[in-house]
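Chemist: Starting from these lines, generate the structure:
(2 chains)
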Amino acid sequence: MKLDVVYFAWVRERIGVPRETVETDALSVGDLVAELCAREDRYDLAFSDLSVVRVAVDQTLSDFDAPLKGVRELAFFPPMTGG
Amino acid sequence: MAVRVQSEDFDLGAELEALRAGRTDIGALVSFSGLVRDDTGDLKVLELEHYPGMTESALTEIEVEAHKRWELNATLIVHRFGPLKPGEQIMMVAAASPHRKAAFEAADFLMDFLKSRAPFWKKETGVDGAEWVDAKDTDEDALKRW
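Modeler: Residues are numbered from 1 along each chain as shown, chains lettered A, B, ... in the order given. The predicted structure is shown next:
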């Protein structure tokens, strides 16, 4: 399946692009992350410490166990710092 | 209830004036505004990045929750993005209620959730280069109060 993946803040800087379309058969967010890390070093660089990476599934805060079935847009970013 | 995410500055006084215009049911109006602080004198620019779409929905969700918990006449959240200079306004929240306690508590609640549940990120550029601002553990702990 094809998935839009967006990145923000230092995650975006490490991946090198703000948005990309990813082709994958991964079943969960965590599986996709493992798959991407195996593909290219830049993913490894961004996802080396998942305790400081947050996930949004279709613009709603989620987690790495979330299933990817039916998902249109996935986002990865550091803990938020608004206000 | 209103949420605005914008690059341009806002007039805090005018926002509060508009919020209470023509109403006689508000007894207490609490507002908070966050400013770009420069602790060391080295800060040149604070860049605010956000997630268009999710930002608005996350802020609206926080507002809806506040209205469920307290008796509120109105709330407003304005948050800026883009490059900001020291001293500039970053954001504001306002909570209007018939009574003082609800207005204070709701404004405090809005701020706590906005800090770690709305998709904003800050990058400071100083004389020695640029650095992303880390989230604080105390911000996450603050949510447990509610």
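Chemist: From here on, just use CA atoms for contacts and neighbour counts.
Modeler: Noted.
Chemist: ok, and the closest non-adjacent residue to residue B:66?
Modeler: residue B:106 (5.9 Å; C-alpha to C-alpha, 6 or more residues apart in numbering or on different chains).
Chemist: What distance separates the opening and closing residues of stretch B:93-108?
Modeler: When the termini of stretch B:93-108 are compared using C-alpha to C-alpha, to the nearest Å, they are 9 Å apart.
Chemist: Model confidence at the closest residue to chain A within chain B, what's the number?
Modeler: Using C-alpha to the nearest C-alpha, residue B:115 is the residue of chain B that sits closest to chain A, at 4.3 Å. Looking at residue B:115, its pLDDT is 95.
Chemist: where does it land in three-state SS?
Modeler: Counting by DSSP: H, G, I helix; E, B strand; the rest coil, the backbone at residue B:115 sits in helix.
Chemist: My read is that it contacts residue B:55, right?
Modeler: No. Between residue B:115 and residue B:55 no contact is recorded; they are 11.8 Å apart, counting by C-alpha atoms under 8 Å.
Chemist: how many neighbours does the residue of chain B closest to chain A have?
Modeler: Other residues near residue B:115 number 22, with proximity taken as other C-alpha atoms under 10 Å in any protein chain shown.
Chemist: residues in contact with the closest residue to it other than its chain neighbours?
Modeler: Of all residues not flanking residue B:115 in the chain, residue A:82 sits nearest, at 4.3 Å (C-alpha to C-alpha, 6+ apart). Contacts for residue A:82 (C-alpha atoms under 8 Å, 6 or more residues apart in numbering or on different chains) come out as B:114-116, B:118-122.
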